[in-house]
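A.B. asks: make a model of this:
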Amino acid sequence: METAFFSHLPNHSLPDTAAAYKGSKIHPAVIQAGIMMSSGEIRGANARTMATMLAFQQVIEEYQCPEQTVLWKDLPNHLSPMIAWLEDCRPKGVGGGNAIRWLKGEINRLGEVDMGTDIEQKRHLVGAIDDYLTQKIEFADQIIISHAQEKIKAGDTIVTYARSSIIEKVLLQAWRRMKEVDSSAEFRVIVVDSRPLNEGRSTLYTLTNAGIPCTYTLLPLASSVLPNANLVLVGASALHSDGSLYSRAGTAVISMLAKEYRVPVVACVETYKFGERVSLDSVASNEIGEPEQLLQIPGGKPFQGDFPATLTPLNLMYDLTPANLITTLCTELGFIPPSSVPTVLGKTAPVV
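C.D. replies: Numbering: from 1, shown residues only. Just a heads-up that it's a prediction; the model follows:
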């Protein structure tokens, strides 16, 4: 049950795998990626983008161009139903959309430049996908980690929210670097989390296993820990052209409290997640999770029965953090203000 106000937002639902396998248009690798993304086994913008592109890489390797046609014209038609099926499984987001547009552009470029036989063209595309993932995600993350760790000093208290793979890497690398310089130096991390996903538990497990002193708390208590913080580090699912940050629901609350207590907020985000969209709120574009998850209290009895007619449970997955709440962006280009997003988009337009 949902109100008309949110009826335009996509719901999380398991895909019809039987129909996908029965038809011949969806490659098994794409079906597997879709199932894992829909179930939450693959979570996070980077992980989903990599899973999508690696699945398409396998599709291209096994693709056979029909006679009386050319690869660069037929391959996009071959990929279209798979892209649509993945979108039904889970919205691809800004980063995934940029990656798919880049792939389509790379395929079209085959018609402009003679790449040889079909085998050579497929080999070129497979290698190009590897290069894209390496440069846009892996190398970009290494540079971001190198920049962001400079903001962490001995004795600092760092606040992070939920789970971000790049934030985990930043904290782990900063800890290792600090211990190499001075074995007695340390910083502490406060992991703020929220239901229903409780993704922060994974971050807590990773950091504590590395020996980093951590405190775990929930979002309603964030105002009690932020006054003692020196820095807030957050990840992002996307960054819009007006500088607003699209991330896990609750990020905007953390950023708002941080500004209230004059704690700098640094968002670590790869530039391939930059998008041209301008959003005023998180209602126009979002995802709806399973509402029953909100009613499943850990250790409590599962909810049974129907919802009252006057009650509509709503589980929004993301929120939008205004640019004025973000102190700076840490990207592979260095530290930039949120207002520089249009400039970066203009420079990278031919690439993404």
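A.B. asks: so who does residue 333 touch?
C.D. replies: 271, 344 (CB atoms under 8 Å, 6 or more residues apart in numbering). Placement of C-beta: from N, CA and C, glycine included.
A.B. asks: now the phi/psi pair for it, please.
C.D. replies: phi -90, psi 0 (degrees, to the nearest 10).
A.B. asks: from now on call the first residue 57
C.D. replies: Yep, numbering from 57; the last one is residue 389 now.
A.B. asks: how far away is it from residue 202?
C.D. replies: 12 Å (CB to CB, to the nearest Å).
A.B. asks: and for residue 194?
C.D. replies: Applying CB to CB to residue 194 and residue 202 gives a distance of 13 Å.
A.B. asks: low-confidence ranges in the stretch 207-356 of the chain?
C.D. replies: Applying pLDDT under 70 to the stretch 207-356 of the chain flags residues 354-356.
A.B. asks: just the strands in it please.
C.D. replies: 213-217, 244-249, 270-274, 287-290, 294-295, 301-304, 321-324 (DSSP state E, counting those that start in this stretch).
A.B. asks: need the contact list for residue 193.
C.D. replies: 102, 105, 106, 326, 328.
A.B. asks: try 10 Å
C.D. replies: 101-103, 105-106, 109, 151, 155, 221-222, 326, 328-329, 388 (CB atoms under 10 Å, 6 or more residues apart in numbering).
A.B. asks: kindly report the same for residue 290.
C.D. replies: With CB under 10 Å, 6+ apart, residue 290 has these contacts: 215-218, 220, 222-223, 301, 303-304, 306-308, 310-311, 314, 321-325, 377, 382.
A.B. asks: which of these are buried? Put it as a PyMOL command.
C.D. replies: PyMOL command restricting the contacts of residue 290 to the buried ones, with burial defined by 16 or more other CB atoms under 10 Å:
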select buried, resi 215+216+217+218+220+222+223+301+303+304+306+307+308+310+311+314+321+322+323+324+325+377+382
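A.B. asks: against the centre of the chain, work out the most remote residue.
C.D. replies: residue 124 (40.5 Å; CA atoms, centre = their mean).
A.B. asks: how close does residue 341 sit to residue 150?
C.D. replies: Going from residue 341 to residue 150 by CB to CB gives 10 Å.
A.B. asks: so for stretch 132-146, mean pLDDT?
C.D. replies: Across stretch 132-146, the average pLDDT comes to 91.
A.B. asks: in that stretch, what counts as buried?
C.D. replies: Within stretch 132-146, the residues scored as buried using 16+ other CB under 10 Å are 134, 135, 137, 138, 139, 141, 142, 145, 146.
A.B. asks: the contacts of residue 193 in helices, which ones?
C.D. replies: 101, 102, 103, 105, 106, 109, 151, 155, 221, 222 (DSSP state H).
A.B. asks: farthest-separated two in those?
C.D. replies: 109 and 222 (17.8 Å; CB to CB).
A.B. asks: need the residues touching each of residue 341 and residue 150.
C.D. replies: If you check residue 341 and residue 150 against CB under 10 Å, 6+ apart, the residues they both contact are 294, 296, 302, 333.
A.B. asks: between the residues you listed, which is nearest residue 347?
C.D. replies: When those are compared against residue 347 (criterion: CB to CB), the nearest one is residue 302, at 21.2 Å.
A.B. asks: that closest one and residue 374 touch, don't they?
C.D. replies: Yes: with contact defined as CB atoms under 10 Å, residue 302 reaches residue 374; the gap is 5.8 Å.
A.B. asks: more crowded one of those two?
C.D. replies: Between residue 302 and residue 374, counted using other CB atoms under 10 Å, residue 302 has the larger neighbour count: 26 against 21.
A.B. asks: what's across from that one in the sheet?
C.D. replies: Judged by DSSP bridges, the bridge partners of residue 302 are residue 294, residue 376.
A.B. asks: from residue 227, how far out is it?
C.D. replies: From residue 302 to residue 227 the distance is 22 Å (CB to CB).
A.B. asks: do residue 212 as well
C.D. replies: Residue 212 is 11 Å from residue 227, by CB to CB.
A.B. asks: these two: who's more crowded?
C.D. replies: residue 227 (26 against 16).
A.B. asks: shouldn't the more buried one be in contact with residue 221?
C.D. replies: No: under the criterion of CB under 10 Å, residue 227 makes no contact with residue 221, lying 11.2 Å away.
A.B. asks: common neighbours of the two, please.
C.D. replies: With CB under 10 Å, 6+ apart, residue 227 and residue 221 have common neighbours 259, 262.
A.B. asks: about what we covered before: out of residue 341 and residue 150, which sits in the busier spot?
C.D. replies: Neighbours were counted for residue 341 and for residue 150 using other CB under 10 Å; residue 150 has more, 23 against 19.
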